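> Predicted structure and sequence below. I'll ask about it afterward.
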Amino acid sequence: MTAIKTRLKNVLEITVGSVLIKQMHFKFERTVHYFRNQQYKKKNPSFIIPHDRWLFETFQLNYQQYFEDGKLAAKEILNWTQDFLPKEMPTILDWGCGTGRIVQHLHSFDHYLLLYGADINHEIISWNHQNIKGVHFSLISLITPTDYPDNYFDLIYGISVFTHTPSNQQKDWINEMNRIIKPSGILMVSTMGAYFNQQLFTQELKQLAEHGIFEKEFKDKGITAPGNRNYSVYETAAFFEKMITEHFNIIHFYEGSSYPEKFGGQDLWILQKK
């Protein structure tokens, strides 16, 4: 059923236009979750909830799931990496933090963390500054480098970031991660692997097999939009492994088809700087 829905969506985007489909999808999601979201707000009046449009762009329009999944992801990230982090005040960066869905919960599990968040959306970063305490937020560009110093972070995680990063920039970002992570520090990222091949047409699968990476670009008002949900990047595990091997060793690799519960079917990589 998922494959049929995805292919129907692809056809509609080609024939009707991705901007219109995106608007329809947003309105549908807001309607479906409206009453449940209002009830959740009443039960949790102290919770600060980002704009619906931002939730739609970066996660999904379900307030309860936004908070509960974010907290669970924060707990799991620390559980999966704590054996490789220093015992005293590790420095952690949420690369592509969006509205802080994950990073805002990390202090719930360890008060002694030095936390950073980075994103390309200046409005979201401004909102984060005003509404999420205990995290240093920074605006970054789609392209490297960042302003962070060399060998600074003990852990960088980027969940569903490479899934929207153009192929010609991915190696640059691996190099940048290598620059700003401490020796033996940890990089944890996800990629869109074989679990999502059902979303591609036959010709697209051929390109993925030939090059190891395939970018599915939808037009947003006539402009290609890397970094958002209109721009999806699929890559094979072999392609990504080859790209990281110069700077990182693989501690754990969870292939999304075998471990769909990890991050919704995305391939999950836990890497250590050489």
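That came through fine.

> how far away is residue 42 from residue 56?
21 Å (Cβ to Cβ, to the nearest Å). For the C-beta atoms, the positions are set from N, CA and C on the backbone; glycine is no exception.

> what about those two, which has more around it?
residue 56 (18 against 8; other Cβ atoms under 10 Å).

> tell me the secondary structure for that one?
Following DSSP: H, G, I helix; E, B strand; the rest coil, the label given to residue 56 is helix.

> What distance do you get for it to residue 32?
12 Å.

> Report the buried residues of the helix or strand hosting residue 38.
Assessed by DSSP states H and E, residue 38 sits inside helix 18-43. Neighbour-count burial for helix 18-43 flags 18, 21-22, 26, 29, 33, 37, 40 (criterion: 16 or more other Cβ atoms under 10 Å).

> Same check on stretch 69-89?
Neighbour-count burial for stretch 69-89, counted by 16+ other Cβ under 10 Å, picks out 69-71, 73-74, 77-78, 80-81, 85.

> Could you do stretch 236-245 as well?
Applying 16+ other Cβ under 10 Å to stretch 236-245 flags 236-237, 239-240, 243-244 as buried.

> thinking again about what came up before, just flag the most distant two among the buried residues of helix 18-43.
18 and 40 (30.0 Å; Cβ to Cβ).

> you'd agree residue 159 is up against residue 73?
Yes: using Cβ atoms under 8 Å, residue 159 is in contact with residue 73, at 7.0 Å.

> any shared contact partners between these two?
102, 263 (Cβ atoms under 8 Å, 6 or more residues apart in numbering).

> can I have stretch 244-255 written out in PDB, keeping just the CAs?
Below are the C-alpha coordinates for stretch 244-255, written out as PDB (Å, rounded to 0.1, in the frame of the first residue of the first chain):
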ATOM      1  CA  ILE A 244      33.300   8.000   4.800                       C
ATOM      2  CA  THR A 245      36.200   5.500   4.900                       C
ATOM      3  CA  GLU A 246      39.000   8.100   4.700                       C
ATOM      4  CA  HIS A 247      38.000   9.800   7.900                       C
ATOM      5  CA  PHE A 248      35.800   7.400   9.900                       C
ATOM      6  CA  ASN A 249      35.500   3.800  11.100                       C
ATOM      7  CA  ILE A 250      32.100   2.200  11.300                       C
ATOM      8  CA  ILE A 251      31.200   1.300  14.900                       C
ATOM      9  CA  HIS A 252      27.600   0.200  14.000                       C
ATOM     10  CA  PHE A 253      25.600   0.100  10.800                       C
ATOM     11  CA  TYR A 254      21.900  -0.600  11.000                       C
ATOM     12  CA  GLU A 255      20.400  -1.300   7.500                       C
END
